[in-house]
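S.K.: sequence first, predicted model second:
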Amino acid sequence: MNNYNNSPFEKLETLGKIAAKPVKRAVGDAFTDALQSLTGDYSDKQAPQAPQADQAPQALQVEEAKRLWEVRARLAQINKEIVEARKKREQAEQAKQAPQAEQAKQEKKVFEKKKKESVLQKLIKSRQGSKEAMQRASG
């Protein structure tokens with residue numbers, strides 16, 4: 001009787017071998033999707049092939065530079081869209097706060113008006129005189 005064949009480690013190893021190809025394919029697909037979304041190139045290309053022997057290294061460098069430029073251009077566009085969205089959001093917040101600020105100014109004016117004494121109150125106070133004058137007058 002061979003205990004190794006019934007070992008759980010052997011089962012894990014066979015399951016790992018079975019799952020390796022689909023996992024590699026899924027990771028490759030996810031990478032190409034991410035690359036396509038960054039570059040904006042949605043052509044039906046397969047995964048990049050290994051460079052052929054007859055292809056010049058300079059052509060590879062040019063192609064790589066072109067891809068890099070496309071990625072940078074796409075990132076710049078994304079950053080620009082983010083800045084525009086932030087500006088729109090800030091403008092919307094300011095538009096909401098503008099009426100509130102106006103209302104606060106008006107409330108402050110009303111409070112200052114109430115705080116000031118009216119002319120009639122000032123006249124009555126001046127006729128009453130000070131406490132010292134009242135003491136002198138009463139005896």
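M.R.: Received, thanks.

S.K.: distance check, S126 against I82.
M.R.: Relative to I82, S126 is positioned 66 Å away (C-beta to C-beta, to the nearest Å). For every residue, glycine as well, the C-beta is placed using N, CA and C.

S.K.: try K122
M.R.: 60 Å.

S.K.: likewise for L123?
M.R.: Taken as C-beta to C-beta, the span from L123 to I82 is 64 Å.

S.K.: helices of the chain, start to end?
M.R.: For the chain, the helices defined by DSSP state H cover 8-39, 57-115, 119-128, 131-138.

S.K.: orientation of the longest one relative to helix 8-39 in degrees?
M.R.: Read it as helix 57-115. Following axes from the mean of the first three to the mean of the last three C-alpha atoms, to 10 degrees, one obtains 70 degrees for the angle between helix 57-115 and helix 8-39.

S.K.: tell me where the model's unsure across this structure.
M.R.: 1-9, 42-56, 117, 129-131, 133-134, 137-139 (pLDDT under 70).

S.K.: how is it partitioned into domains?
M.R.: 8-41, 60-128 (automatic domain parsing).

S.K.: give me the buried positions along the shortest one.
M.R.: Residues of domain 8-41 classed as buried: T39 (neighbour count, 16 or more other C-beta atoms under 10 Å).

S.K.: how close does R86 sit to A101?
M.R.: Taken as C-beta to C-beta, the span from R86 to A101 is 21 Å.

S.K.: apologies, that question was intended for K108.
M.R.: Taken as C-beta to C-beta, the span from K108 to A101 is 11 Å.
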